[in-house]
Structure formats: C-alpha cells, structure tokens
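1. Show me the folded form of this:
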Amino acid sequence: VTRTGEGGPSSDEDRLLRPALVGWVLLLGVAVVLTAVTHLLWGDLRLRIAASPALVVGEALVVVLLIALIMIVGRYRRNADRRRLRRQIQEEARMQHRHFLRRLDHELKNPLTAVRAAVADSGVDPAEVRAVSMDATSCTVVCLDGEDEVVRPAILWMDVRSVEEAEEVHATGDPALRLCGQGPVSAEWGLPKALWVKKNEPEAFARTATICDETDWLVHRLTGRWTMSVSHAAGKYFYDEEYGGWPVSLYRRLDALDILERYPMRITQVGDVVGPLLPDVAREFGLPEGVAVVEGGIDAYMGAIGLGVAAPGRLALITGSSHVITGQLAEPVYTKGLWGSYTNATVPGYYTIDGGQVSTGVLVEWFLKNLAGASRAEAAQTGENIYDILTREAGRVPIGCDGLLSLDHFQGNRAPHFDGRSRGMFWGLTLHHTEAHMFRAILEGICFGTEAIFEAMRAQGVPVEEIIVSGGATKNRLWLQMHADVSNVPLILT
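-> Okay, the predicted model is just below:
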C-alpha cells in the first residue's frame, strides 16, 4: 500500500472502510425496499404503517439481519477457502523454494564454491561487490524443456560425435561458412551438435524448448533471463552482426529453422548487464541483492582479455585441456585453416581470429593415467608428483625422441585441418623407447600442431611475434621451451 497524499489511504483497513459503510447502507435500503414490496403484495402498506409503524421498521430490520447472516456465513466460507488456498500457495512456494535450492546446490555447486572462495580469499567486503561475470567451455550444448529442466546430458565441447552433421553443414556451401575457414566444419560446433540431437534423439528434441551454450545457461540460472552471448553465437553458431545476424539461409538449407527458433533470441554483447542476481542466488553466493550479472563468453576469449590481448598486435596462447590461439584484428580475415573472423566476439569493435588443438592437456592426462605405469609406481614409492617425474625424465631424452613421433589428433583436428575423423598416433616405436620418450613425443607433437596454426596465421599477415601464455602448460618449463623453440618466438608469462 502506498500513500497518495495527506488524504490518501495509509492501510488496507482505511481503504476498505468506506466501501464497507457504503455496502451496509445499501443493504439497509434494499431491505426497506423488499419490506415495502412485500406489504404491497400482501396488503395495504399505508394501513400497516399508520397502524404500527414500529412493526414495519422491525420487519425491515429482521430482513436486514437475515440477509446479513447469510452474507456473514458466505463470507466466512469464502475467507476459509481463501485461507486454505493461501496455505496451499505458501506450501507450494516453500516446496518450489526448497526444490530451487536443491537445484541451485546441485547445478551451481562449483560456481557457488568458486564465488564464496573468491570473496573470502580477496578479503573484500561482500557489500562492495557490484557485479559478477563468467565464462565457460564452448561449445557445450545444453537442451532444456519448457520448465527449464535439462532434457538430456549436455554435449561437451570436446565431443565430436556430430561428424556427419558437420559434413552436412559444410555441404550447404552457405556463405556463412566463411566463419569456419570455408570448411570443413568442426564437429565441436553448436549447430552440428544440435542437428545430431534432432536426428538421433527425436523424442528429446521434441521436448526441447531451449538450446543454448553453457554460459547462456549459467546466466539464466543466475538471473532468470534468457540471453545468448555474442561470443558463443558468433564463435560456434554462425551468427554475424556484420552480415545481418543469424544466417537463416544456412539453417533453412539444413531444415534446421526449428533449431534456430530454440536459441535464446536476445543476443548480448560481452560486458552487457543482463540483470541482477536472483535473490535466492545472491543469498547462496553470500552477496547482496542487486549485484549485476554481466555477460561473459567463451572461456579462452575471456581469458585473452585477462592476458591483455584485447587489441590487435598480440596473440594469446591459452593452454588447458586444449590449446587455443586467439587474437583481435582491426579488419576481418576469412581463410582456410583458421576460425573467424568473429565480429565483436571478444571485444566490441574488433574481429576475433581463432585456431586451436582439441587434445593437448587432456592427452597428457590420458597418457599419465593409462600408459605411465613405471612412473606411477615410482610416484607411489617416493611421494613425488608423477608429472614432475615424467618431465624430468623427458628432459633427458634428446630432441626428436630417438625417432619417435606423435600426432595429437586423438579427438580429431581443430585447426588448421578441421578434420573430426582424423586420429592420433605414435609412429616409429621401438623396443628402445621408454615412457619418457612417449611423454616427450606427445609434448613435441602438440608444439608442432601449435606451429601449424601459427603458420596459417602468418600466411594471412597476422603478426606472430608477441605470444602471451596462460594455463596449465605454464607450469612446465620444458614444455614452454619446446613451444618457443619450435615456433621461434618468445613466450610471455603474466
């Protein structure tokens, strides 16, 4: 209730008082009229009034009391129904809130932990926090129903099951293919994965109301609002603001307009404020209500901003499960062997160019888990980290690994070949080779894969002179030195 001035209502009772008085006056008037009509029908009203006016008034009051009693009983029943409905609504709201918190705890467990830890470690007063943002692996495709419940497990960025669908996209020859180096199209991208769901899981697709990327889902969970970051839309779904936005012709040729209509239609720029944190989310994060959620994007692109690669002249080498080489251009370049140029995908006003390798850190991890038995046994015996053991021994192996080569295409090739069917290998194995030879061969193979991407960039006039590196590989000096030697460029750590 709000005041409208000195004479305005100040409470619910004030607002209901005058209507109630008017109602009782009307009720009395109705009773008098009913009494008069009754006596007109049953006898001479004037004679009754003249003989006993008090009797007529009493009869009218009896009628009033009867009507009032009926109204009171009816009102009591209505109020009882309202109270019962209110309790039901409150209980449903409590159940929904408990369900929301359970989902929040399950779905946002890692972000919750990260935000709380970041605030605690920083020593910043939570009341001083004004905004949060995020990035996520891409392209990780999420399918949700009309109630925003997950229809099927998300298809991870490194999943290349949609090779056939990627080939279908390439076969269209649509002009939008300029964004993926004119093809072949990577099976990592969002459109091939969405096509795979439509073709292979038609029931799941029929139940799907929203198809989005991981960051978009996170933003929705934090704000309740559906958006799609231009970083994902441009980088993985063929959206291009410079060419009118969504390439409808491409989706029509693939009979995929029903996929396009499932994307969030509000495209937001990196850095846009989407909305405030939902109150429940804010409380779980330990942050005040009203904290703004700012649009993020693809993890590597946002990482490049953190490395200072936010304008032309530098390249970022983001290492992790995969390698990503990305930079900003003042003018777009569309060429075979490279992804992009993506309009505004990282920094508004620039074009993002991208090349990467699918299997780098994840390949190292696979080797350590499956083929490094001797080093694992030594680590168990000495307590030394298995990664440190293998790195030390690999440093003693001569360059070239005594003739052993490794190809890093264990999950296909992203750039410069865009071949989801290509597979990794060891070539030249002999009985002379050890775990250390194989480990070094993996590192060398990855470094030559990175150099192939640099060569594609140099061919288009992109300067490959200042490389800013981040990620897990920066902890391994041997690996970094290999990168610098193979590509003959200095690597800069922040």
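
2. Secondary structure class of the residue lying closest to I305 once chain neighbours are set aside, three-state.
-> For I305, the nearest residue in space outside its immediate sequence neighbours is T346; the separation is 6.6 Å by CB to CB, 6 or more residues apart in numbering. (Each C-beta comes from the backbone N, C-alpha and C, glycine too.) At T346 the chain is in coil, as set by DSSP: H, G, I helix; E, B strand; the rest coil.

3. Quick check: phi and psi at T346.
-> The phi and psi torsions at T346 (degrees, to the nearest 10) take the values phi -120, psi -60.

4. Quick one: residues contacting it.
-> Residues in contact with T346, defined by CB atoms under 8 Å, 6 or more residues apart in numbering, are 231, 270, 297, 301-302, 304-305, 310, 326, 328, 352.

5. among those, which are in helices?
-> 231, 301-302, 304-305 (DSSP state H).

6. Filter the contacts of T346 down to the buried ones.
-> Burial by neighbour count, judged by 16 or more other CB atoms under 10 Å, picks out 231, 270, 297, 301-302, 304-305, 326, 328, 352 from the contacts of T346.

7. between the contacts of T346, which is nearest F439?
-> Minimum separation from F439 among the contacts of T346 (CB to CB) is found for T326, which lies at 27.3 Å.

8. Just put the buried ones among the contacts of T346 in JSON lines and tack on distance to V115 and pLDDT.
-> Written out in JSON lines, the entries for the buried ones among the contacts of T346 read as follows (distance: CB to CB, whole Å; pLDDT from 0 to 100):
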{"residue": "S231", "distance to V115": "21", "pLDDT": "97"}
{"residue": "V270", "distance to V115": "20", "pLDDT": "96"}
{"residue": "G297", "distance to V115": "18", "pLDDT": "96"}
{"residue": "Y301", "distance to V115": "21", "pLDDT": "96"}
{"residue": "M302", "distance to V115": "16", "pLDDT": "96"}
{"residue": "A304", "distance to V115": "23", "pLDDT": "96"}
{"residue": "I305", "distance to V115": "19", "pLDDT": "96"}
{"residue": "T326", "distance to V115": "26", "pLDDT": "97"}
{"residue": "Q328", "distance to V115": "29", "pLDDT": "96"}
{"residue": "T352", "distance to V115": "27", "pLDDT": "97"}
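
9. how about those residues in TSV, adding distance to V362?
-> Listed next are the buried ones among the contacts of T346 as TSV, based on distance: CB to CB, whole Å:
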residue	distance to V362
S231	22
V270	26
G297	22
Y301	20
M302	20
A304	20
I305	24
T326	19
Q328	27
T352	23
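
10. Please look at P111 and W217 and confirm they touch.
-> No. Applying CB atoms under 8 Å, one finds P111 not in contact with W217, separated by 11.3 Å.

11. Compare those two (neighbour count), which wins?
-> When P111 and W217 are compared on other CB atoms under 10 Å, the one with more neighbours turns out to be W217, at 23 against 19.

12. State the distance from the more buried one to V132.
-> As for W217, its distance to V132 is 15 Å (criterion: CB to CB, to the nearest Å).

13. again with I211
-> As defined by CB to CB, I211 lies at a distance of 25 Å from V132.

14. Neighbour count: those two, which is higher?
-> Of the pair I211 and V132, I211 is the one with more neighbours under other CB under 10 Å, namely 27 against 19.

15. pretty sure the more buried one is in a helix, no?
-> No. Membership of I211 in a helix is not supported by three-state DSSP, which gives strand.

16. Nearest residue to it in space, please, no chain neighbours.
-> According to CB to CB, 6+ apart, the nearest residue to I211 is R262 (4.3 Å).

17. again with V294
-> Per CB to CB, 6+ apart, closest to V294 is S133, 4.1 Å.

18. What strands flank the helix or strand encompassing the one you found, and is each parallel or antiparallel?
-> With the criterion set as DSSP states H and E, the secondary-structure element containing S133 is strand 131-136. The pairing partners recorded for strand 131-136 under DSSP bridges are strand 292-298 (parallel).

19. now what about the strand it pairs with, what contacts it?
-> Contacts of strand 292-298 with the rest of the structure, by CB under 8 Å, 6+ apart, involve 130-136, 138, 215, 219, 222-223, 227, 229-232, 235-236, 268-277, 302, 345-346.

20. just for the protein, where's the confidence low?
-> For the chain, residues meeting the criterion pLDDT under 70 lie at 1-64, 85-86, 88-107.

21. What separation do you get for the residue nearest to E242 when sequence neighbours are not counted and V358?
-> Nearest in space to E242, with sequence neighbours left out and distances taken as CB to CB, 6+ apart, is T343 at 4.7 Å. Between T343 and V358 the computed distance is 25 Å (CB to CB).

22. So the two - more neighbours on which side?
-> Neighbour totals were compared for T343 and V358, and V358 leads with 27 against 19 (other CB under 10 Å).

23. Leaving out the residues flanking it, which one is nearest to the more buried one?
-> Using CB to CB, 6+ apart, the closest residue to V358 is Q411 (4.4 Å).
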